[in-house]
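In: Build me a model:
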Amino acid sequence: MRLTETQRAAIKATVASAIDPGSRVWLFGSRADDAKRGGDIDLMIETEKTLPSRVAALCRLEGGLVMRLGDRKIDIIIKDARTPEAPIHRAAREHGVLL
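Out: This next block holds a predicted model:
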């Protein structure tokens with residue numbers, strides 16, 4: 001995994017405050033692979049809660065991450081209780097790293 005401990009802690013704390021403290025945070029894509037270089041930060045956030053507005057939650061989360069990590073490319077998928085399972089969710093779990 002190519003994130004520092006400080007970056008991991010910042011991501012988890014931001015997810016806890018913006019989405020749900022019980023959320024699972026998956027890092028997937030190139031940053032989950034130590035052999036690769038560069039790349040954006042791909043995150044999947046899973047919560048058992050039903051979010052009133054996933055768009056509002058995404059905005060809060062992305063804003064918080066930019067404030068803590070700086071202006072960098074971050075792709076975020078949010079899967080709440082009413083989000084149907086999709087191939088991208090399975091791929092993130094299978095090939096990603098749980099933070």
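In: My read is that Lys49 contacts Asp80, right?
Out: Yes. Here Lys49 lies in contact with Asp80, judged by C-beta atoms under 8 Å, at a distance of 6.2 Å. For the C-beta atoms, the positions are set from N, CA and C on the backbone; glycine is no exception.
In: who has more neighbours, these two?
Out: Asp80 (18 against 13; other C-beta atoms under 10 Å).
In: how near is that one to Asp71?
Out: 27 Å (C-beta to C-beta, to the nearest Å).
In: Same check on Thr4?
Out: Separation of Thr4 from Asp71 (C-beta to C-beta): 17 Å.
In: residues contacting the most centrally placed residue in the chain?
Out: Centrality entry for the chain: nearest residue to the mean C-alpha point is Leu43, 2.9 Å, by C-alpha atoms, centre = their mean. For Leu43, the contacting residues are Ile11, Val25, Trp26, Leu27, Phe28, Ile74, Asp75, Ile76, Ile77, by C-beta atoms under 8 Å, 6 or more residues apart in numbering.
In: Just list whatever residues bridge to the last one.
Out: Which is Ile77. Ile77 has the following beta-bridge partners by DSSP bridges: Met44.
In: what's the pLDDT at it?
Out: Ile77 carries a pLDDT value of 94.
In: give the contact list for it.
Out: Leu43, Met44, Ile45, Ile88, His89, Ala92.
In: In a markdown table, list the residues you listed along with pLDDT and distance to Ala57.
Out: Shown next, in a markdown table, are the contacts of Ile77 (pLDDT from 0 to 100; distance: C-beta to C-beta, whole Å):
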| residue | pLDDT | distance to Ala57 |
| --- | --- | --- |
| Leu43 | 95 | 13 |
| Met44 | 96 | 13 |
| Ile45 | 97 | 8 |
| Ile88 | 94 | 18 |
| His89 | 96 | 16 |
| Ala92 | 94 | 17 |
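In: Good, we can wrap up now.
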